[in-house]
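> Okay, sequence plus prediction incoming.
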Amino acid sequence: QVQLVESGGGLVQPGGSLRLSCTVSGSFTSIYNMGWYRQALGKQRDLVAIITKGGNINYTNSVKGRFTISRDNTKNTVTLQMNSLKPEDTAMYYCNAEVVVFGIPGVRNYWGQGTQVTVSS
C-alpha cells in the first residue's frame with residue numbers, strides 16, 4: 001500500500017506565501033514523476049508543476065516565477081513553495097506520484113487527499 005500525505009495549506013492574503021509538502025510512504029521500489037495539481041470549485045483538476053526523478057521541471061504558465069517545486073529523493077518528499085499568491089490560486093491542491101510498488105510490475109499513479117489553499121483579504 002502506498003500513501004501520499006500532504007500538509008501546508010491554509011488561508012493567506014494576496015501577495016503572501018505558503019509551502020506545501022507531500023510525503024510518499026509504503027512499500028515501493030521507485031518514484032518517478034512527482035507533481036502538484038489543483039482544482040478550483042466547479043473546475044477540472046489541472047497540473048500546477050511536475051518534477052521528474054532526475055530533477056527536470058515544468059510549470060503551468062500562470063505560476064511561473066512565483067511557484068517553485070522541489071523534491072528530496074532520500075525522504076520521498078515533494079514540496080511546492082508558493083509566493084506572490086493571488087486570489088485565482090485558490091483551490092484544493094493535490095500531490096501526485098508515479099510509483100513502482102514492490103512486487104507489482106509497472107508504474108502506478110497515486111494521489112494525496114488534497115489540501116485547501118485560499119487566497120483572500
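Looks like it arrived, so ask away.
> Mind listing what's buried along stretch 64-77?
Neighbour-count burial for stretch 64-77, with 16 or more other C-beta atoms under 10 Å as criterion, is recorded at Phe67, Ile69, Arg71, Asn76, Thr77. The C-beta positions use only the backbone N, C-alpha and C, and glycine is treated the same way.
> how much space between the residue sitting furthest away from the middle of the chain and Ala97?
Note on the chain: the largest separation between a C-alpha and the mean C-alpha position, by C-alpha atoms, centre = their mean, falls on Gly103 (26.0 Å). With distances defined as C-beta to C-beta, to the nearest Å, the gap from Gly103 to Ala97 amounts to 18 Å.
> now do Ile51
Going from Ile51 to Ala97 by C-beta to C-beta gives 10 Å.
> again with Ile69
Distance of Ile69 to Ala97, given as C-beta to C-beta: 13 Å.
> Look up phi and psi at Val12.
Per-residue torsions, Val12: phi -140, psi 150 (degrees, to the nearest 10).
> Next, the contact list for the most centrally placed residue in the chain, please.
Taking C-alpha atoms, centre = their mean as the criterion, Trp36 is the residue nearest the geometric centre of the chain, at 2.6 Å. Residues in contact with Trp36 (C-beta atoms under 8 Å, 6 or more residues apart in numbering) are 20, 22, 47-50, 69, 78, 80, 93-96.
> Pull out the buried residues from those residues.
Neighbour-count burial (16+ other C-beta under 10 Å) is assigned, among these, to Leu20, Cys22, Val48, Ala49, Ile50, Ile69, Val78, Leu80, Tyr93, Tyr94, Cys95, Asn96.
> Can you tell me the element the fifth one falls in?
By that I understand Ile50. The secondary structure element spanning Ile50 is strand 45-51 (assigned by DSSP states H and E).
> Check which element follows that strand along the chain.
In the C-terminal direction from strand 45-51 (assignment by DSSP H and E), the next one is strand 57-59.
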